[in-house]
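K.L.:
One predicted model, sequence on top.
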Amino acid sequence: MVLSRGVVVCGPRAADDVWDRYVRPRCWPRWAPQIRSVDYPGETLHPGTTGVVHGPAGLRARFQIIAVDPAVPLRSWTWSVSAAGLHLTLRHTVEPFRTGTRTGLTVEGPAPVVLAYLPIARAALRRLVDDASDYGPEG
């Protein structure tokens with residue numbers, strides 16, 4: 001059964017910084033602890049490009065960037081991810097909110113995988129929008 005669920009997280013980091021951390025795959029491991037490293041051919045995300053996310057226990061997830069929309073105020077990007085015979089589509093949004101940022105994630109895929117992934121994603125997104133962290137826009 002395919003399920004689509006979302007999560008929204010708000011934090012004090014500026015939306016420009018959050019967007020920068022999102023569109024630079026080499027930065028992902030610093031705020032998303034479930035990501036160990038990323039193989040990606042460019043500096044920033046572009047539609048149609050592909051890469052590999054390396055997770056814990058040797059898990060490898062292949063991905064393709066479907067869309068990137070940097071237009072303010074609601075920036076977004078979408079990617080498809082495949083690992084272990086499973087496929088997910090994830091849509092991320094970033095927008096200014098009060099004195100910080102609101103970021104959203106919608107995950108579509110097999111229900112058990114979506115439900116298991118959302119708490120992990122929520123924790124990573126909290127780190128993404130947290131300006132108390134010691135990593136700047138590039139990390």
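P.N.:
Yep, that arrived. Only a predicted model underlies this, so the values are computations on that prediction, with no experimental measurement involved.

K.L.:
switch to C-alpha atoms for all contacts and neighbour counts from now on
P.N.:
Fine.

K.L.:
for the closest residue to residue 118 other than its chain neighbours, helix, strand, or coil?
P.N.:
Distances taken as CA to CA, 6 or more residues apart in numbering put residue 7 closest to residue 118, at 7.2 Å, once the chain neighbours are dropped. Following DSSP: H, G, I helix; E, B strand; the rest coil, residue 7 is assigned to strand.

K.L.:
residue contacts, residue 69?
P.N.:
75, 76, 77 (CA atoms under 8 Å, 6 or more residues apart in numbering).

K.L.:
Pull up the gap between residue 130 and residue 7, please.
P.N.:
Distance, residue 130 to residue 7, by CA to CA, to the nearest Å: 16 Å.

K.L.:
Could you check which of the two has the larger neighbour count?
P.N.:
Counting neighbours by other CA atoms under 10 Å for residue 130 and for residue 7 shows that residue 130 has the greater number, 20 against 15.

K.L.:
you'd agree residue 53 is up against residue 80?
P.N.:
No - using CA atoms under 8 Å, residue 53 is not in contact with residue 80; the gap is 11.8 Å.

K.L.:
quick one: common contacting residues for the two?
P.N.:
With CA under 8 Å, 6+ apart, residue 53 and residue 80 have common neighbours residue 63.

K.L.:
In helices, which of the contacts of residue 69 fall?
P.N.:
Among the contacts of residue 69, DSSP state H puts none in helices.

K.L.:
Please produce TSV containing those residues, extended by pLDDT.
P.N.:
Converted to TSV, the contacts of residue 69 look like this (pLDDT from 0 to 100):
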residue	pLDDT
75	99
76	99
77	99
